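1. sequence plus the predicted model coming up.
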Amino acid sequence: MEYRKLQSLGGGTLLVSLPKAWVVKSHLQHGDVVGLEETPSGALLVYPKEVASLEEKSYVSVKAAGEDPQAVVRDVTAAYLLGYNIINVSGDRAQVAKVKKYLRESVHGLLGLEVVSEEPVSLTLQFLIDFDTIPPEKLYRRMNNLARSMYVDALEAASVDDQSLLDDVMQRDIEINRLFFLMVRLLRSTMADTRMAAKLGLTNVQCLDYRLASHHVELLGDHSFALASRLKPLLPLDNARARSLADAASRLAEIHDMATSYFLGGKGTTYPSFLSKANSAEASFEEMRKDVTLVQVADRLEDIRRLLVDIADLAEMLYPFVK
């Protein structure tokens, strides 16, 4: 870091000179206008007025070549996750025609990406969501609530023999995956663009925490899908097993809410209290394993419980204890 002394112009006005190397690199000269932006941490960003954010100007071209259309789909997905705003797929007429079907199907899984132009030898996709309208916390809460509803509804559906609700639970995993891809894109773009980070009020550490927590939530969706799959062939259940699953839903929902509160900065009950409830749930699932019919169900419940503990462990309030 470079330090510079403030100069006084009188009347309370202070000025500081800009580093010559940065001025030359930015092609600035006398009379040019620069932008100033204060971050939530109190730092002041200085940038040339004409500089656009990465999200505003990013463009990438993908070539449709070879025999594997899925290779083009992977390239488009990678470009989406890396934060490119406009993705142009081009090639000869036969190659582009071959990949169009696969691209239309894959775009459904990438929130905000739409086909905006289509020609015989090209296809243009554009990201149309304004990140100012979806801060990471809002996106995380949406993912988190959806994942919570999956295992809670799966357990309650099994306890009342509701096959249609189990089918609905399994469909929700697709939406969690779409939200997760959008979160990855948002966080990558934020870490690469200081202006965007300043607008969202995020540090790199917070971006990394959201990235890891979102991955845990995406795994919650996967485990909830597996849980619903395991429960379907077991229905209908007797009253004792139904009560056991209802109790599991209540235990997991409680520690899930506590974990979410800790991660997002809540000041609720103490962390030892959370661990006590998490350990009590673990003991309950171990008891469930004594029933041969529910062994694999108990395994999925324990997978979910461990992920919730991992999310709580990301809370900033715990950092002093692990330094």
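-> Noted; the coordinates are in hand.

2. please count neighbours and contacts with C-alpha atoms only from this point.
-> Fine.

3. tell me the span between the first and last residue of stretch 115-127.
-> Taking Cα to Cα, to the nearest Å, stretch 115-127 runs 9 Å from one end to the other.

4. repeat for stretch 259-272
-> Length of stretch 259-272, first residue to last, Cα to Cα: 12 Å.

5. what residues does that stretch touch?
-> 137, 258, 274, 308-309, 311-317 (Cα atoms under 8 Å, 6 or more residues apart in numbering).

6. can you give me the helices for the protein?
-> Assigned by DSSP state H, the chain shows helices spanning 20-25, 54-57, 69-81, 93-107, 136-159, 163-192, 194-200, 204-231, 239-263, 271-288, 295-312, 319-322.

7. now, which of the contacts of stretch 259-272 sits nearest Tyr102?
-> Checking the contacts of stretch 259-272 against Tyr102 by Cα to Cα gives Glu137 as the nearest, at 32.0 Å.

8. mind checking how far Asp173 is from His256?
-> For Asp173 relative to His256 (Cα to Cα), the value is 18 Å.

9. Leu200 now?
-> In terms of Cα to Cα, Leu200 sits 26 Å off from His256.

10. those two: which is more packed in?
-> His256 (24 against 18; other Cα atoms under 10 Å).

11. wait, the more buried one touches Arg148, no?
-> Yes - in this structure, His256 is within contact of Arg148 by Cα atoms under 8 Å, at 7.4 Å.

12. low-confidence stretches in the protein?
-> Low-confidence segments of the chain (pLDDT under 70): 1, 10-11, 39-41, 49-57, 267-269, 316-323.

13. 90 - rerun?
-> 1-59, 64-69, 82-83, 92-98, 100-108, 120, 129-135, 188-206, 261-274, 313-323 (pLDDT under 90).

14. can you give me the domain boundaries for it?
-> With domains defined by automatic domain parsing, the chain comprises 7-52, 55-127, 132-322.

15. return the distance of the second one from the chain's centre.
-> Shown here is domain 55-127, whose average C-alpha point lies 22 Å from the average C-alpha point of the whole chain (Cα atoms, centre = their mean, to the nearest Å).

16. now do the first one
-> Taking the mean C-alpha point of domain 7-52 and that of its whole chain, the gap between them comes to 34 Å (Cα atoms, centre = their mean).

17. now render the helices of the chain as a markdown table, adding distance to Arg4.
-> Below are those laid out as a markdown table (distance: least, Cα to Cα, whole Å):
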| stretch | distance to Arg4 |
| --- | --- |
| helix 20-25 | 12 |
| helix 54-57 | 29 |
| helix 69-81 | 38 |
| helix 93-107 | 49 |
| helix 136-159 | 35 |
| helix 163-192 | 26 |
| helix 194-200 | 21 |
| helix 204-231 | 25 |
| helix 239-263 | 38 |
| helix 271-288 | 44 |
| helix 295-312 | 41 |
| helix 319-322 | 33 |
